[in-house]
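A.B. asks: I would like to see how this sequence folds:
(one chain, ligands or ions: 1)
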Amino acid sequence: MDERYPSRGPRSFQDGPREFHKAVCSDCSKECEVPFKPTEGRPVYCRDCLPKHRKPRY
Ligand SMILES: [Zn+2]
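C.D. replies: Predicted coordinates for the structure are as follows:
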């Protein structure tokens with residue numbers, strides 16, 4: 001058997017398992033999980049507050 005790909009297949013490279021980090025929302029102080037490592041000194045927002053703080057794209 002020639003296993004060139006992980007058991008999940010080549011697609012797992014794109015939407016593989018995300019690592020979530022626990023953080024506290026800077027807006028509502030609710031505990032949330034973010035798919036990136038929270039940086040110290042930078043605000044983290046939960047899914048509810050994130051749209052409010054996103055920079056508008058034109
Ligand atoms: Zn929030």
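
A.B. asks: please tell me how far residue 17 sits from residue 39.
C.D. replies: Look at residue 17 and residue 39: by C-beta to C-beta, to the nearest Å, they are 22 Å apart. C-beta: built from backbone N, CA, C; applies to glycine.

A.B. asks: which residues sit against stretch 32-39?
C.D. replies: 18, 19, 20, 21, 22, 23, 24, 25, 44, 45, 46, 47 (C-beta atoms under 8 Å, 6 or more residues apart in numbering).

A.B. asks: filter those down to just the ones in strands.
C.D. replies: Cross-referencing the contacts of stretch 32-39 against strands under DSSP state E gives 21, 22, 23, 24.

A.B. asks: filter those residues down to the buried ones.
C.D. replies: Neighbour counting by 16 or more other C-beta atoms under 10 Å classes residue 23 among the ones in strands among the contacts of stretch 32-39 as buried.

A.B. asks: which residues in the protein form helices?
C.D. replies: For the chain, helices defined by DSSP state H occupy the ranges 50-53.

A.B. asks: what does it put close to the ion?
C.D. replies: The chain comes close to the ion at residues 25, 27, 28, 46, 49, as judged by C-beta under 5 Å from the ion.
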